[in-house]
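Trainee: Sequence plus predicted model, see below.
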Amino acid sequence: MTALRGKLRAALLLGAAFATFGGAAQARETTEERIARLEAALADLQSQLADLKAATAAAPAPARPQPQPPTASVTLANGRPTIASGDGQFSASFRGVFQLDGGLYAQDDPGPLATDFRRGSFGDAAENDHARDLGDGFNFRRVRLGIEGKAFGDYEYNFTYDFGGSGVEEGGKLNAAWIQYNGLGPVKVRVGAFAPVTGLEDAASNASSLFAERASVAETVRGVAGGDARTAIALLSSGGRWNASAALTGGVAGVASFDEQVGFVGRFAYVPFKRDGAVIHLGINTNLVLSPAATGPGVPGGAASPIRLRDRPELRVDGARLVDTGSIDSDGLTAIGGEFGALYKNLYVQAEYFDIGIERRNSVLPDPEFSGWYIQGSWILTGESRRYSTATAGFDGPRPARPFNLKNGTWGAWELAIRYSNLDLNFLETALPAAGSIRGGEQDILSVGLNWYVNNGVTLQAGYRNVSVDRLSPGGTAFLAGSTPALNTQVGQDLQIYSFRTQYAF
């Protein structure tokens with residue numbers, strides 16, 4: 001275009017020259033000749049303009065800068081390594097929980113089986129010995145390593161392995177392996193091996209529970225159709241004030257049976273009151289065994305399908321159980337629970353009650369019924385608050401506002417905790433037991449604890465438990481031949497337990 005303007009300017013100058021100095025030429029040039037000459041010059045300019053336009057159109061357009069794709073990120077929030085793609089479609093967080101428990105059991109000195117009648121689980125010689133002398137020491141309760149995150153935008157996943165145990169560490173076992181689809185709006189679908197939430201106590205993370213173990217009745221019900229590594233398919237949903245879940249469950253991964261158990265875990269929770277620093281939680285849950293696991297092939301009449309309820313005294317440094325129903329040949333189990341929780345600033349209280357019924361198989365004996373409850377609470381001395389989330393409908397531990405640091409003179413968060421729990425596994429308990437009675441025992445535990453949240457990863461817990469087990473011997477050979485005390489002999493005991501936990505979680 002610049003060249004075109006130059007040519008036009010030259011033409012004008014040329015015309016002016018003709019006007020000024022070409023008088024003589026004009027005299028000799030007729031008007032028609034001048035018009036013809038000018039038209040020819042104009043045509044030449046138009047041709048050059050057309051050539052210039054064509055050349056400009058054919059030239060490549062200058063390249064525009066292309067937007068760069070977002071780059072992946074690596075973060076270390078609260079000590080948890082996380083890798084995430086720049087578009088947010090993928091992520092991977094590495095998780096770990098390490099819990100070392102120490103326990104000291106204060107009991108009466110043990111005596112021989114013939115004169116010391118304290119007993120553990122039915123038919124277990126090792127537990128009969130341990131019940132008389134529960135083992136002091138240390139135990140890695142949980143040593144879990146895993147990875148969780150997001151994939152393809154709408155999916156979540158979790159793979160976790162556990163090397164801890166109850167009373168003795170294990171060589172390693174699957175704790176969780178599941179995938180979850182979030183693309184159905186408010187409803188999420190989870191499939192795999194995981195722990196469906198069985199109640200309010202179970203909704204809290206095991207890395208931020210008030211005491212080292214859940215209340216005994218909550219732990220017992222948890223093992224009915226839920227618990228770690230339970231194969232299941234679940235529907236999960238929650239809103240601003242509610243949470244609902246339903247899971248169809250099978251057996252525990254790694255535990256074989258002839259016909260796997262079929263169970264159901266359902267829960268609904270609602271928050272009727274919610275303000276800054278205050279919340280009230282109400283809930284109901286059900287844990288069902290629809291078809292117990294069979295112990296043998298399905299011959300005519302069917303193989304036995306036993307259900308057994310038992311638990312430890314809310315610490316697992318020693319693995320002995322002091323209350324036990326024994327195996328009950330059953331067609332199913334129904335456990336119904338009610339939940340209450342409240343939080344006001346640095347004060348917290350929580351309670352649950354469970355009613356448990358077992359339907360006997362091929363029997364005219366009455367169907368046994370059991371129950372249990374607990375109430376617990378805490379006061380955080382440093383002013384922080386426990387955290388409630390409707391996504392889980394549970395209370396998790398506080399995050400210290402001022403993590404422990406000697407140089408800065410800060411001391412983390414300190415919490416006083418208290419709990420009373422009851423688990424009653426007796427049925428038709430009378431001086432002369434009726435047909436179908438079960439003497440599983442009644443366990444009451446008063447627990448007091450002091451929790452120190454050093455920072456967001458390290459927690460130290462000290463606890464004291466006053467345990468009372470009231471349990472009468474059913475006689476016969478219930479505790480093995482030669483070691484079963486006579487009918488109505490007290491096989492329970494009173495004891496105190498001192499415990500300490502060191503925990504690191506990320």
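Mentor: Alright, I've got the coordinates.

Trainee: hmm, who's touching stretch 89-96?
Mentor: 80-85, 144-153, 160, 504-506 (CB atoms under 8 Å, 6 or more residues apart in numbering). (Each C-beta comes from the backbone N, C-alpha and C, glycine too.)

Trainee: One more pass at 7 Å, please.
Mentor: 80-84, 144-153, 160, 505-506 (CB atoms under 7 Å, 6 or more residues apart in numbering).

Trainee: Stretch 295-315 too?
Mentor: With CB under 7 Å, 6+ apart as the criterion, stretch 295-315 contacts 103, 121, 211-213, 216, 219-220, 258-259, 289, 292-294, 319-330, 333, 358, 361, 370, 423, 425, 440, 443, 445, 447, 465, 467, 497, 499.

Trainee: which among the residues you listed end up buried?
Mentor: 103, 121, 211-213, 216, 219-220, 259, 289, 292-294, 319-326, 328-330, 333, 358, 361, 370, 423, 425, 440, 443, 445, 447, 465, 467, 497, 499 (16 or more other CB atoms under 10 Å).

Trainee: Checking my notes, residue 127 in a helix, right?
Mentor: Yes: according to DSSP: H, G, I helix; E, B strand; the rest coil, residue 127 belongs to a helix.

Trainee: Which residue is the nearest non-sequential neighbour of it?
Mentor: residue 120 (2.9 Å; CB to CB, 6 or more residues apart in numbering).

Trainee: Look at the one you found and say how many residues are nearby.
Mentor: Counted by other CB atoms under 10 Å, the residues lying close to residue 120 total 26.

Trainee: ok, it touching residue 132?
Mentor: No: judged on CB atoms under 7 Å, residue 120 makes no contact with residue 132 at a distance of 8.8 Å.

Trainee: Quick check on residue 222: phi, psi?
Mentor: phi -60, psi -30 (degrees, to the nearest 10).

Trainee: which residues touch it?
Mentor: Here residue 222 is in contact with 198, 202, 214 (CB under 7 Å, 6+ apart).

Trainee: per-residue confidence at the residue nearest to the last one when sequence neighbours are not counted?
Mentor: I take that to be residue 214. Excluding its sequence neighbours, the residue lying closest to residue 214 (CB to CB, 6+ apart) is residue 201, at 4.8 Å. Residue 201 is assigned a pLDDT of 97 by the prediction.

Trainee: Number of residues surrounding residue 201?
Mentor: Counted with other CB under 10 Å, residues neighbouring residue 201 total 28.

Trainee: Next, it: phi, psi?
Mentor: In terms of degrees, to the nearest 10, the main-chain angles of residue 201 are phi -70, psi -30.

Trainee: ditto for residue 272
Mentor: Per degrees, to the nearest 10, the backbone of residue 272 is at phi -70, psi -20.

Trainee: Can you give me every residue that contacts it?
Mentor: Taking CB under 7 Å, 6+ apart as the test, what residue 272 contacts is 280, 282.

Trainee: now swap in the one 4 residues further on and tell me
Mentor: Going by CB under 7 Å, 6+ apart, residue 276 touches no other residue.

Trainee: likewise residue 231?
Mentor: Contacts of residue 231 (CB under 7 Å, 6+ apart): 193, 249, 250, 251, 253.
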